[in-house]
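**Student:** model the structure of this input:
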Amino acid sequence: MRSRRTVLMGASVPFSVAVRAFFLVRVANPTVECNSRDVLARRVFGGFVFPALFVGATVTTHGCQSEGLPNIEPPASCDLEAQKEWIYDTMDEVYLWSTELPPKDEVDFASYDSPEALTTALRQNVDRWTRAVDKVESDALFMAGMRLGIGFKYRSNDDGNLVLKLVHPGSPAGVAGLRRGDVIVSVNGVPSPEASSSDWGENDEGLIVNFEVIPREQAADPNAEPELVPVTRDWYLIITVPNATVLDLAGESVGYFYFDTFVKTSVAELDAAFETFEAAGVTKLVVDLRYNGGGLISTARHLANLLGSAMNDDAVMYKVKYNSNLSEGDNSYRFATTSHALPLERIAFITSGSTSSASELVINAMLPYTDVELIGAATSGKPVGSNSFEFCEKLLYPITFKLLNSLDEGEYFDGLATGCGGDDQPEYELGDPNESLLANALDYLQNGSCSAYQATPGLRAGVDANPADPLSAIHTAR
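**Tutor:** Here you go, the predicted model:
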């Protein structure tokens, strides 16, 4: 068995210590909106430079406490019973489906051993997103674009082995040499089809996971010899636009970019990509959201402005509607002229059952204004969003509002339907015109239709048939 070198990312000071030392208190700051008087600073911890967010604890920042929403104070005590009662009271006031919650005196608080367990149990209606999470890890992801884990996403093949569909550049997996299309046949010595979450180990900084991997060039060879690839879990900076390129389509310049997640650091990456497209005179664009599960609405709004403000300045982009007791917080957001916005004639969105939340918001916002098609499989189906409320070093993310486009279209809990099919083909790099989904998208951009390709049946809303490493993600409602 051959062995690739072990790479230990990390510094003399554990990065988790640096993160926890540097993310200060925020009060009622929504995942969905943080355009604020934030002070971004650069700090160095153990040789690793990362952007850190400072927000004054008592500062009410635009979007971080939406107009019309009550100011929810954290519980007076952080003992377990006080936390659980606070969660119920908060959801009773701000939850989108608050009228469907059970009466407080009928909730058996003692039967829930954690605030997280109670939060999940209080979900009503179609809600599968409301949750409570660690504040530091959530802030690290959404504000600084940092994640603790291995740094890849995968799907299972017919043999039950794990085919890597995305490897984040600069992540532990990327540094160890793993690539899209590689096949993992064992995890810590356990065959992949038999590996459970416990076999992966805890998602702790510095923990080594040993993979046996068949390189993608040999994936179809039944006699291929796997290579041992040790990967050390660590914090890494997510590059959210790792691939942005201009393609020649029958003499016409068309743009393509893969977009991974909507975090604060994405804005500069998106601007750089669109500056390239603008210089090339792009008027047709492929937006690859196949693995994008959402994130900050402020970043979604920025992307929508890049896509639509050149043609639709001041038109309604989307609407936010809260529960009936908080309807004074309802609002409409409009397109605003943005540097490098493109005069787009046609947009192809590549989607899957993993495409969710802020991704769907952008697609739905563009539908009334632009020639748009979805390529791949139906999206996840999350036409709702959350504000966050801080308590005891955690954040509560209850679903608090629904999202509509300018035509009052929303309610896509079964996902946004596709018009063109195609298969995700990890043997090709993302951005390769020979890959089925991108080939179909380019066909649509060129011809305005893709009748030659049958639409792939959508996945059941909320189910990711191609899950990421469950221990590498920050599990937050977005």
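**Student:** going forward, measure contacts and count neighbours with C-alpha atoms only.
**Tutor:** Noted.
**Student:** and the closest residue to residue 190 other than its chain neighbours, backbone torsions?
**Tutor:** Nearest non-adjacent residue to residue 190, counting by C-alpha to C-alpha, 6 or more residues apart in numbering: residue 199, 7.2 Å away. When read as degrees, to the nearest 10, the backbone of residue 199 gives phi -70, psi -20.
**Student:** need the contact list for residue 199.
**Tutor:** Contact partners of residue 199, counting by C-alpha atoms under 8 Å, 6 or more residues apart in numbering, are 187, 188, 190.
**Student:** pLDDT wise, what is it at?
**Tutor:** Residue 199 is assigned a predicted lDDT (pLDDT) of 93.
**Student:** what do you get for residue 449?
**Tutor:** pLDDT at residue 449 comes out at 82.
**Student:** that one is in contact with residue 443, isn't it?
**Tutor:** Yes - using C-alpha atoms under 8 Å, residue 449 makes contact with residue 443 at a distance of 7.2 Å.
**Student:** distance check, the residue nearest to residue 190 against residue 353.
**Tutor:** Between residue 199 and residue 353 the computed distance is 26 Å (C-alpha to C-alpha, to the nearest Å).
**Student:** over to residue 180?
**Tutor:** For residue 180 relative to residue 353 (C-alpha to C-alpha), the value is 19 Å.
**Student:** more neighbours: which of those two?
**Tutor:** residue 353 (27 against 23; other C-alpha atoms under 10 Å).
**Student:** Three-state assignment for the more buried one, please.
**Tutor:** Using DSSP: H, G, I helix; E, B strand; the rest coil, the structure places residue 353 in coil.
**Student:** now the phi/psi pair for it, please.
**Tutor:** According to degrees, to the nearest 10, residue 353 has phi -70, psi -10.
**Student:** test my guess that it contacts residue 375.
**Tutor:** No - taking contacts as C-alpha under 8 Å, residue 353 lies outside contact range of residue 375: 11.7 Å.
**Student:** correct me, but residue 346 touches residue 285?
**Tutor:** Yes - Residue 346 is within contact range of residue 285, at 6.7 Å (criterion: C-alpha under 8 Å).
**Student:** okay, those two: which has more neighbours?
**Tutor:** Of the pair residue 346 and residue 285, residue 285 is the one with more neighbours under other C-alpha under 10 Å, namely 26 against 17.
**Student:** what about that one, helix or strand, and which?
**Tutor:** strand 284-288 (DSSP states H and E).
**Student:** what's that strand packed up against?
**Tutor:** In terms of contacts (3 or more C-alpha pairs under 8 Å, 6 or more residues apart in numbering; DSSP states H and E), strand 284-288 is packed against strand 252-258, strand 346-351, helix 436-447.
**Student:** next, the contact list for residue 74, please.
**Tutor:** 86, 389, 390, 391, 392.
**Student:** if you set the cut-off to 10 Å instead, what comes out?
**Tutor:** By C-alpha atoms under 10 Å, 6 or more residues apart in numbering, the residues touching residue 74 are 27, 28, 83, 86, 87, 90, 389, 390, 391, 392.
**Student:** which stretch of helix or strand covers it?
**Tutor:** Using DSSP H and E, no helix or strand contains residue 74.
**Student:** kindly report the same for residue 332.
**Tutor:** strand 331-334.
**Student:** same question, residue 246
**Tutor:** strand 243-249.
**Student:** same thing with residue 272?
**Tutor:** helix 266-279.
**Student:** any idea how far that helix is from the chain center?
**Tutor:** In terms of C-alpha atoms, centre = their mean, to the nearest Å, the centre of helix 266-279 is found 19 Å from the chain centre.
**Student:** cool, stretch 228-239 as well?
**Tutor:** The answer for stretch 228-239 is 18 Å, by C-alpha atoms, centre = their mean.
**Student:** can you list the domains in this protein?
**Tutor:** Residue ranges for the domains of the chain, per automatic domain parsing: 146-237, 243-447.
**Student:** need those in TSV (columns: distance to residue 133).
**Tutor:** TSV is the format used below for these (distance: least, C-alpha to C-alpha, whole Å):
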stretch	distance to residue 133
domain 146-237	14
domain 243-447	5
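**Student:** elements contacting the helix holding residue 272?
**Tutor:** helix 135-144, strand 243-249, strand 252-258, helix 297-312 (3 or more C-alpha pairs under 10 Å, 6 or more residues apart in numbering; DSSP states H and E).
**Student:** tell me the buried residues in the first one?
**Tutor:** By neighbour count, and taking 16 or more other C-alpha atoms under 10 Å as the criterion, the buried residues in helix 135-144 are 135, 136, 137, 138, 139, 140, 141, 142, 143, 144.
**Student:** and if you look at the longest one?
**Tutor:** Of the residues in helix 297-312, those buried by neighbour count under the rule 16+ other C-alpha under 10 Å are 297-312.
**Student:** low-confidence ranges in the protein?
**Tutor:** 1-68, 451-478 (pLDDT under 70).
**Student:** please, where are all the helices along it?
**Tutor:** 15-22, 80-94, 115-121, 135-144, 172-175, 197-200, 266-279, 297-312, 358-366, 436-447 (DSSP state H).
**Student:** just the ones you listed: most buried one?
**Tutor:** helix 358-366 (a mean of 26; mean count of other C-alpha atoms under 10 Å).
**Student:** surely residue 286 and residue 243 touch.
**Tutor:** No - when contacts are counted by C-alpha atoms under 10 Å, residue 286 is not listed as touching residue 243 (11.7 Å).
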